[in-house]
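Student: let me see the structure of the following:
(one chain, ligands or ions: 1)
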Amino acid sequence: MRRQLYELGELPPLGEVPERMYAQVIRRERYGEPARAFQVEVVDVPPVRPGDVLVLVMAAGINYNNVWAALGQPLDVITQRQRRGEPEDFHIGGSDAAGIVWAVGEGVRQVSVGDHVVLSGCQWDEQAADIRLGVDPVASTSQGAWGYEINYGSFAQFARVREYQCHPKPPQLSWAEAACFMVTAATAYRQLCGWPPHVVRPGAPVLIWGGAGGVGSMAIQITRIFGGVPLAVVSSPERGQHCLRLGARGVIDRTEFDHWGRLPSAEDTEAAAAWTASARAFARRVRDLTPGRALPRIVLEHTGRDTLPTSMYVCDNAGMVVICGGTTGYNGDLDLRFLWTRQKRLQGSHYASVAECRAVTELVAAKRLDPCLSVAVGFDEIGALHQQMYENVLPPGNAAVLVNATSDLAGGGPPAVLSSAPAVPAGSPSW
Ligand SMILES: NC(=O)c1ccc[n+]([C@@H]2O[C@H](COP(=O)([O-])OP(=O)(O)OC[C@H]3O[C@@H](n4cnc5c(N)ncnc54)[C@H](OP(=O)(O)O)[C@@H]3O)[C@@H](O)[C@H]2O)c1
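Tutor: I've put the predicted structure just below:
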């Protein structure tokens, strides 16, 4: 008889799907600080529909989108899904994972039960009218972030994905290492390689905000792989050291400047002059670090409101500011004069295509891109890790949690640097 529920780390026979599973769940009434928004609950394992793959999650990656999910802002993801007709009154987040294919739906051909996979975090409807007309699926009206806008993410024993989200797990990596990189690496890859003619060029400087964060750590390395010159912005010497170790040519400590936030009104000449003086000093610091004192041809943005005016100012003439997020706020100002007279480009960029996800997986498998796992803790710590991310106190790199893996050595790779929180639940059999 099929067992109802297995403990974390206690694996059912391969392919046997229990009725219920442990999950870290967000509910509407708990929206708020991430530390309290997540709670472990037992919920039904989702049904496997045609084209679906059910993955037994070994480890899950932590991303900023579930800080937003926990806060219930700027999007109440549960209400939004219910408006689309989905019945669940809870959110299971998690847009990154590594695990084992446990069941496949009708029509799935590319993966089989037992495959070790890493998952990518974007879904779309392959039958959508715009995709059939040739629109990039990532830009389709049917597109949504799995584990954020779409339920049954990786913060549970089982995750439900579409077949095209599965990529081969780089064999040398531990489960936690394999789980931590896809969202940040693929997003940075698209920002740096997906918007021709503004792709990384040999010798050309790229300015990277939050160089020690997840996206930043990946962006520094990808810029180097394509011969560009990465410059990283950080907020402490330790974070600067991390960026230099990854190959940044130089780092700038943003705490030495004070012109952050929204632009002063153009009519307030005194405030505008003070802003320009500080931005100019920042641009000089950038020039001091680049070959031939060039300004960056690409500025990699995700910080948003606090930094966008500076990004537009410091970007080279005919260069591109490419933005994938708004950590500090969504109302970004720009002085339009710099946009048109200097013919700059402001480009939105969102996650990545299947091909871009596969490209970063292959770079990781070839040991050219380090997933930069800095923290791997137990399942119970999911709320705490998101809280640390929200407060910008996570160590540099990417973070992961162990779900069914009970030891970070499980994938066969080197041990990760474990934080002080217990990574292995006491008494669990090791996988
Ligand atoms: N659209 C997409 O598909 C996509 C995918 C991935 C991520 N994102 C977005 O990208 C952003 C970054 O994600 P992440 O995973 O890299 O997060 P992260 O690991 O927390 O890194 C964020 C970095 O931002 C920097 N930062 C924080 N406050 C700042 C401020 N006021 N000014 C300048 N820099 C500041 C911090 O570096 P310092 O304090 O050292 O400067 C930190 O390392 C998030 O908003 C996320 O939602 C979007």
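
Student: what's around whichever residue of the stretch 101-250 of the chain sits closest to the ligand, how many residues?
Tutor: Nearest to the ligand in the stretch 101-250 of the chain, going by Cβ to the nearest ligand atom, is Gly213, at a distance of 2.1 Å. The way it works is simple: take the backbone N, C-alpha and C, and place the C-beta from them, glycine included. Gly213: 27 surrounding residues under other Cβ atoms under 10 Å.

Student: Gly325 now?
Tutor: 19.

Student: relative to Met312, how far out is the residue lying closest to it once chain neighbours are set aside?
Tutor: Excluding its sequence neighbours, the residue lying closest to Gly325 (Cβ to Cβ, 6 or more residues apart in numbering) is His302, at 3.7 Å. According to Cβ to Cβ, to the nearest Å, His302 stands 15 Å off from Met312.

Student: work out for me the element Ala176 sits within.
Tutor: Per DSSP states H and E: Ala176 is located in helix 175-180.

Student: contacting residues around that helix?
Tutor: 58-62, 96-99, 118, 154, 169-170, 214, 371-373, 376, 397-402, 405, 408, 410-411, 413, 416 (Cβ atoms under 8 Å, 6 or more residues apart in numbering).

Student: quick check: pLDDT value at the residue of the stretch 101-250 of the chain closest to the ligand.
Tutor: Note for Gly213: predicted pLDDT of 97.

Student: in the helix or strand of the chain with the lowest mean pLDDT, what's buried?
Tutor: Across the helices and strands of the chain, mean pLDDT, DSSP states H and E gives its lowest value to helix 336-341, namely a mean of 92. Buried positions in helix 336-341, judged by neighbour count with 16 or more other Cβ atoms under 10 Å: Phe338.

Student: quick one: residues in contact with that helix.
Tutor: By Cβ under 8 Å, 6+ apart, helix 336-341 touches Met312, Tyr313, Lys344, Leu346.

Student: count of residues packed around Ala37?
Tutor: Close neighbours of Ala37, defined as other Cβ under 10 Å, add up to 26.

Student: nope, Gln39 is what I meant
Tutor: If you count neighbours by other Cβ under 10 Å, Gln39 ends up with 14.

Student: adjacent strands (with direction) for the helix or strand containing it?
Tutor: In this assignment (DSSP H and E), Gln39 forms part of strand 38-44. Looking at strand 38-44 with DSSP bridges, its partner strands are strand 20-27 (antiparallel).

Student: please list the outside residues in contact with the strand it pairs with.
Tutor: So strand 20-27 is in contact with 4-8, 37-45, 66, 69-70, 78, 89-94, 155-158, 379, 382-383, going by Cβ under 8 Å, 6+ apart.

Student: contact residues of this protein facing the ligand?
Tutor: Residues of the chain lying close to the ligand (Cβ under 6 Å from any ligand atom) are 63-65, 183-184, 187, 209-210, 212-216, 233-235, 239, 254, 302-303, 306-307, 324-325, 327-328, 350-351, 389, 392.

Student: low-confidence stretches in the chain?
Tutor: Flagging of the chain using pLDDT under 70 yields the residue ranges 408-431.

Student: let me see the domain layout of it.
Tutor: The record's domain parsing of the chain by automatic domain parsing lists 20-181+371-402, 189-348.

Student: buried deepest among those domains, which one?
Tutor: Comparing the domains of the chain by mean neighbour count (mean count of other Cβ atoms under 10 Å), domain 20-181+371-402 comes out on top with a mean of 21.

Student: returning to what we had before: and the next helix or strand past the least confident helix or strand of the chain?
Tutor: Taking DSSP H and E, what comes next after helix 336-341 is strand 345-348.

Student: skip ahead from the longest helix belonging to the chain and say which helix or strand is next.
Tutor: In terms of residue count, the longest helix belonging to the chain (DSSP state H) is helix 269-289. Toward the C-terminus, helix 269-289 is succeeded by strand 298-301 as the next helix or strand (DSSP H and E).

Student: right, and the helix or strand after that following strand?
Tutor: Of the helices and strands lying after strand 298-301 in sequence (DSSP H and E), the nearest is helix 308-314.

Student: pull the residues that contact that following helix.
Tutor: 207, 209, 259-260, 262-263, 275, 279, 282-283, 286, 295-296, 299, 301, 321, 323, 332-335, 338-339, 344, 346.

Student: just checking, next helix/strand downstream of it?
Tutor: Criterion used, DSSP H and E; the element after helix 308-314 is strand 320-323.

Student: got the contact list for that next one?
Tutor: Residues contacting strand 320-323 (Cβ under 8 Å, 6+ apart): 191-192, 195, 198, 297-302, 304, 308, 311-312, 315, 332, 344-349.

Student: tell me the strands beside it, with direction?
Tutor: Partners of strand 320-323, by DSSP bridges, with direction: strand 298-301 (parallel), strand 345-348 (parallel).

Student: dump those into JSON lines; add distance to Leu14 as well.
Tutor: Converted to JSON lines, the strands paired with strand 320-323 look like this (distance: least, Cβ to Cβ, whole Å):
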{"stretch": "strand 298-301", "distance to Leu14": "42"}
{"stretch": "strand 345-348", "distance to Leu14": "42"}
